[in-house]
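A.B. asks: Give me the fold of what follows.
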Amino acid sequence: MKPIGPIPPYFLGQSELTIAGRTASDWVAEAGSPLFVYDTGIVRERLARLRAALPEACEIHFAIKANPLPEFLAAVAPLVGGLDVASGGELAKALAVKGAAHISFAGPGKRDAELEAAIAAGATLNLESEGEAERALAIGRRLGVAPRLAVRVNPDFELRGSGMKMGGRASPFGVDAARVPALVSRLIAAGADWRGFHIFAGSQSLDTAAIIETQAATVALAARLAEEAGAAPPLVNLGGGFGIPYFAGDTPVDIDAVGTALRDVLAARPAVLANSAFAIELGRWIVGECGVYLTRVIDRKTSGDETFLICDGGLHHQLAASGNFGTVVRRNYPVAVAGKMAAEPVETVSVVGPLCTPLDRLADRVALPEAEPGDVIAVFLAGAYGASASPAAFLGHGPAAEIVAGG
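C.D. replies: The predicted structure follows:
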């Protein structure tokens, strides 16, 4: 038997899994399976808690790569101060629900058409290189527009404990910190509307102390770069990096401690940042826990000494839960038999999907209540990097339905 991750607290204490006020069986009866259900009430609760913890000087941005479903974005956009995008496609989705002045566009390899779309709309480009800066300036001149340009900084430190490190090393992301002041001077001299810094050191960290340390280092770096460039940044995007507990033994980030420490850092910030605005950019922390993936058991079989629950959904919808989305050692997401949330586990089973690959395993040798064909399996933490980050076309099974609930 292998352990599973912790079920989010919003779904505990139920005899039958309830999402946004309706049982999982109701949702499946309405929309079929496999199915994602996103409870926006959970998003509102998390954002309210985060807003109360953070200093007033720090805004909250949502990185829409975590969940770019248009109906979901329409619900989340009014709850946050900005949207961060990473492609022309995401830019179009963001512009449909948020004013361009509150949208920023990061990511290496932006094509000229994407740069032009952002500049023409009035969104901020987070520049990843000097070459991208020159292309953006040229497009601005051709359009007769002062482009809104920030510099994404490749910091000379990393976020300790992060699942994906984005600083402290050579990187395709951002401009090395030592070269940033010269680039800022170039942008200002060229007549760009310089918007500040985007500094992202890592993601999916559950180490509260490391997040606090990194935010302090980020503010200090922004101040140093601004002083060297001789220009105060209108905005400093501090990045994010807040993780959520996916696996056994994981514990949540202490948001109150992070907010208290950041309040102290910003209160004592250098004079060059006195009039700067600040933002944190989060994706999975905001939306990861609001989503549940529901898949129905089609068959139950025994092979050797192992029992398999074969479901109609799998890695083609929930790649991350299968352990094939960047993890080195496969560990189990939280899963449950949706109709037996209060029942004691009585058997060890593996939950697998319908695909012709041994990689299609949603839970590996976990203890669950007995489940039969027709029962619904719930895979939690499906609100971020689920449907859009999975190979829905693989083997032709098609996409899962997605429902936005919670009012």
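A.B. asks: low-scoring pLDDT stretches of this protein, where are they?
C.D. replies: Across the chain, the ranges flagged by pLDDT under 70 are 158-172, 326-329.
A.B. asks: domain assignment for it?
C.D. replies: Per automatic domain parsing, the structural domains of the chain span 9-38+289-405, 68-282.
A.B. asks: Out of those, the one nearest residue 2 is which?
C.D. replies: Nearest of these to residue 2, taken as C-beta to C-beta: domain 9-38+289-405 at 4.9 Å. (Each C-beta comes from the backbone N, C-alpha and C, glycine too.)
A.B. asks: now the closest one, how far from the centre of its chain.
C.D. replies: Computed by C-alpha atoms, centre = their mean, to the nearest Å, the separation of domain 9-38+289-405 from the middle of its chain amounts to 20 Å.
A.B. asks: now stretch 127-145
C.D. replies: Centroid displacement of stretch 127-145 relative to its chain, using C-alpha atoms, centre = their mean, is 28 Å.
A.B. asks: buried sites along it?
C.D. replies: 127-129, 132-133, 135-137, 139-140, 145 (16 or more other C-beta atoms under 10 Å).
A.B. asks: which ones among those are found in helices?
C.D. replies: 132-133, 135-137, 139-140 (DSSP state H).
A.B. asks: will you turn those into CSV that also has distance to residue 282?
C.D. replies: Putting those into CSV (distance: C-beta to C-beta, whole Å) gives the following:
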residue, distance to residue 282
132, 24
133, 26
135, 29
136, 26
137, 30
139, 30
140, 30
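A.B. asks: where along the stretch 1-150 of the chain do the strands fall?
C.D. replies: 18-19, 22-23, 35-39, 58-63, 82-85, 103-105, 124-127, 148-154 (DSSP state E, counting those that start in this stretch).
A.B. asks: Save the ones you listed as JSON lines, and put in distance to residue 177 too.
C.D. replies: Shown next, in JSON lines, are the strands of the stretch 1-150 of the chain (distance: least, C-beta to C-beta, whole Å):
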{"stretch": "strand 18-19", "distance to residue 177": "44"}
{"stretch": "strand 22-23", "distance to residue 177": "50"}
{"stretch": "strand 35-39", "distance to residue 177": "37"}
{"stretch": "strand 58-63", "distance to residue 177": "22"}
{"stretch": "strand 82-85", "distance to residue 177": "20"}
{"stretch": "strand 103-105", "distance to residue 177": "19"}
{"stretch": "strand 124-127", "distance to residue 177": "14"}
{"stretch": "strand 148-154", "distance to residue 177": "6"}
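A.B. asks: Out of those strands, which is the most enclosed?
C.D. replies: Sort these by mean neighbour count, taking mean count of other C-beta atoms under 10 Å, and strand 124-127 sits at the top with a mean of 29.
A.B. asks: which one of the buried residues of stretch 127-145 sits closest to residue 116?
C.D. replies: Distance to residue 116, by C-beta to C-beta, is smallest for residue 139 among the buried residues of stretch 127-145, at 5.1 Å.
A.B. asks: The closest one reaches residue 116, doesn't it?
C.D. replies: Yes: with contact defined as C-beta atoms under 8 Å, residue 139 reaches residue 116; the gap is 5.1 Å.
A.B. asks: my read: residue 82 touches residue 103, true?
C.D. replies: Yes: taking contacts as C-beta under 8 Å, residue 82 lies within contact range of residue 103: 6.7 Å.
A.B. asks: sorry, back to before: between the buried residues of stretch 127-145, which is closest to residue 207?
C.D. replies: residue 128 (26.8 Å).
A.B. asks: so which of the strands of the stretch 1-150 of the chain comes closest to residue 268?
C.D. replies: Counting by C-beta to C-beta, residue 268 lies closest to strand 58-63 out of those; the figure is 14.4 Å.
A.B. asks: In the sheet, which strands lie alongside the closest one, parallel or antiparallel?
C.D. replies: strand 82-85 (parallel), strand 277-282 (parallel) (DSSP bridges).
A.B. asks: Can you say which of the strands of the stretch 1-150 of the chain is nearest to residue 247?
C.D. replies: Across the strands of the stretch 1-150 of the chain, residue 247 has its closest neighbour in strand 35-39 (20.6 Å, C-beta to C-beta).
A.B. asks: elements contacting the closest one?
C.D. replies: Where contact means 3 or more C-beta pairs under 8 Å, 6 or more residues apart in numbering; DSSP states H and E, strand 35-39 is packed against helix 24-31, strand 291-303, strand 401-405.
A.B. asks: can you list the strands paired with strand 58-63 in CSV and add distance to residue 361?
C.D. replies: CSV is the format used below for the strands paired with strand 58-63 (distance: least, C-beta to C-beta, whole Å):
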stretch, distance to residue 361
strand 82-85, 33
strand 277-282, 29
